[in-house]
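A.B. asks: Sequence first, predicted coordinates after that:
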There are 2 protein chains.
Amino acid sequence: MSLKVYELAAADPAIRFSPHCWRTRMAIAHKGLEVDYLPWRFTEKERIQASGQGLVPVLVDGEAWVADSGTIADHLDRRYPDRPLFACPQSRAHARFLETWVSRVLHPQILRQIIGDLFTLIDAGDKAYFRESREKRFGTTLEALSEGADAALPALKATLDPLRATLEAQPFFGGEASSYADYAVFGAFQWARVSSPKELLDAGDPITAWRERMLDAFDGEARAMPARG
Amino acid sequence: MSLKVYELAAADPAIRFSPHCWRTRMAIAHKGLEVDYLPWRFTEKERIQASGQGLVPVLVDGEAWVADSGTIADHLDRRYPDRPLFACPQSRAHARFLETWVSRVLHPQILRQIIGDLFTLIDAGDKAYFRESREKRFGTTLEALSEGADAALPALKATLDPLRATLEAQPFFGGEASSYADYAVFGAFQWARVSSPKELLDAGDPITAWRERMLDAFDGEARAMPARG
């Protein structure tokens, strides 16, 4: 049975940048599954209607349409138990705080850094949707967000402090090997790498060394996606 | 063999308020171990010299002197494997980010809210040490920190957002039952509860309901410590 994943694509359909889609792509690489990645744009809600909502990633596995990267990870572990993303139920529960923190705290701060570049990357047909939805979410214009980016970079680097301290204690968020927790964090940095030439990390940062390990993982699955700039 | 834990005590030696000591106390209650809790003050470094450092909690288990609440948790799981604090090695690794975030992000923001009350709670002999070490850490006076507390409360409530969202998905940070991850978070709220009459949480907050469950756990181990005010 062939698996399909709908994945957000840039104007160039080969460029995949969504942080949530990268969580799923790394999870699938971790499990060694074969998947067809289908490019999708923000405005193509009807193509994923069977998932009951309008955002990607969406996994199609036989009759099942599964939305939300965390729910997809749980589906994959249930359906394909080899090479688990979560080693035990408590481990899955412990990862939820990190996933949530990445989505709610880290993503908005990274988005501010890359939003100008991101706007030039996305498909022309997506620009109106992107502008309207993001300006509503942040209560300001894309241009104003982007102008404040440099001043906000030190705050982002401070926000990364608990990631950094965790990686000083262990090589991966999953411990001795990467787990879904790593992919949840990595999605954010891969989003920035693919969308923008701006470097968010210093060379000596333990997060930088970890990001390199993630880029190398699974025969360079993530490194194969070109970095911007 | 009797276990001993050195635990930070207030001017009233029965009052134990340290967030790190509460992580250990809840971990010990979780495992159902019998422990003598010895009151200790900031200035009594020589009493815990055998631990190789100067902070509590310190666990004394036979010949072993173990410092640092996370290291104590690992020691307890290794030495007393029944009722594990961490169900699998990956679960332990996943909890590390949450522990680190609590210590580095949540604790300083809670301390600002309660520091005035905390200063009146601690032993007279600890006040000079406390003032000097905290003023150095924050780069300002205790009084200035305390004066800014009300203005900083909305930022603290926003910081709690990923905890809140996690508890909307599952009853405990450990999933269906509490784990060491819960005790790491609870220590922060118990610190505030024992030290200060200030309420940091709204009644309808999912964190409030979780805190009640934690206060009830282990025959009310944490609720037995009087709340301030």
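C.D. replies: Received the coordinates, thanks. Numbers count the residues shown, from 1 in each chain, chains lettered A, B, ... in the order given.
A.B. asks: Now do the contacts for residue A:32.
C.D. replies: By CB atoms under 8 Å, 6 or more residues apart in numbering or on different chains, residue A:32 lies in contact with A:82, A:83. The way it works is simple: take the backbone N, C-alpha and C, and place the C-beta from them, glycine included.
A.B. asks: pLDDT score for it?
C.D. replies: For residue A:32, the pLDDT comes out at 98.
A.B. asks: State the phi and psi torsions of it.
C.D. replies: phi 70, psi 30 (degrees, to the nearest 10).
A.B. asks: Tell me the spacing between it and residue A:175.
C.D. replies: Distance, residue A:32 to residue A:175, by CB to CB, to the nearest Å: 20 Å.
A.B. asks: next helix or strand past the helix or strand of chain A with the lowest mean pLDDT?
C.D. replies: None of the helices or strands of chain A scores lower by mean pLDDT, DSSP states H and E than helix A:142-147, at a mean of 93. Beyond helix A:142-147 on the C-terminal side, the first helix or strand identified by DSSP states H and E is helix A:149-159.
A.B. asks: Buried ones in that following helix, by neighbour count?
C.D. replies: Buried positions in helix A:149-159, judged by neighbour count with 16 or more other CB atoms under 10 Å in any protein chain shown: A:149, A:156, A:157, A:159.
A.B. asks: can you tell if it touches chain B?
C.D. replies: No: Helix A:149-159 does not reach chain B (CB under 8 Å from any CB of the partner chain); its nearest approach is 8.5 Å.
A.B. asks: What is the burial count for residue A:200?
C.D. replies: 21 (other CB atoms under 10 Å in any protein chain shown).
A.B. asks: contacting residues around the helix or strand containing residue A:165?
C.D. replies: Here residue A:165 is covered by helix A:161-169, with elements defined by DSSP H and E. Identification of contacts with helix A:161-169 by CB under 8 Å, 6+ apart yields A:173, A:185, A:205-207, A:209-210, B:96-97, B:100-101, B:104-105.
A.B. asks: do the same with stretch A:35-46
C.D. replies: Contacts for stretch A:35-46 (CB under 8 Å, 6+ apart): A:2-9, A:13-14, A:16, A:25, A:28, A:47-48, A:54, A:56, A:58, A:122-123, A:125-126, A:129-130.
A.B. asks: Now go through the residues you listed and say which are in helices.
C.D. replies: A:25, A:28, A:129, A:130 (DSSP state H).
A.B. asks: any chance of those in TSV, plus pLDDT and neighbour count?
C.D. replies: Formatted as TSV, these follow (pLDDT from 0 to 100; neighbours: other CB atoms under 10 Å in any protein chain shown):
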residue	pLDDT	neighbour count
A:25	98	26
A:28	98	25
A:129	96	15
A:130	96	17
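A.B. asks: biggest separation within the residues you listed, which pair?
C.D. replies: Largest separation among the ones in helices among the contacts of stretch A:35-46 by CB to CB: A:28 and A:129, giving 26.7 Å.
A.B. asks: residue ranges with poor pLDDT in chain A?
C.D. replies: Counting by pLDDT under 70, the ranges of chain A that qualify are A:1.
A.B. asks: Alongside chain B, which residues does it contribute?
C.D. replies: Residues of chain A lying close to chain B (CB under 8 Å from any CB) are A:86-98, A:100-101, A:104-105, A:161-163, A:165-166, A:169-170, A:172-176, A:179, A:181.
A.B. asks: Cross those against helices and list the overlap.
C.D. replies: A:89-98, A:100-101, A:161-163, A:165-166, A:169, A:181.
A.B. asks: which residue sits closest to residue A:146 in space, ignoring its chain neighbours?
C.D. replies: residue A:116 (3.9 Å; CB to CB, 6 or more residues apart in numbering or on different chains).
A.B. asks: what's the burial count for the one you found?
C.D. replies: The burial count for residue A:116: 18, using other CB under 10 Å.
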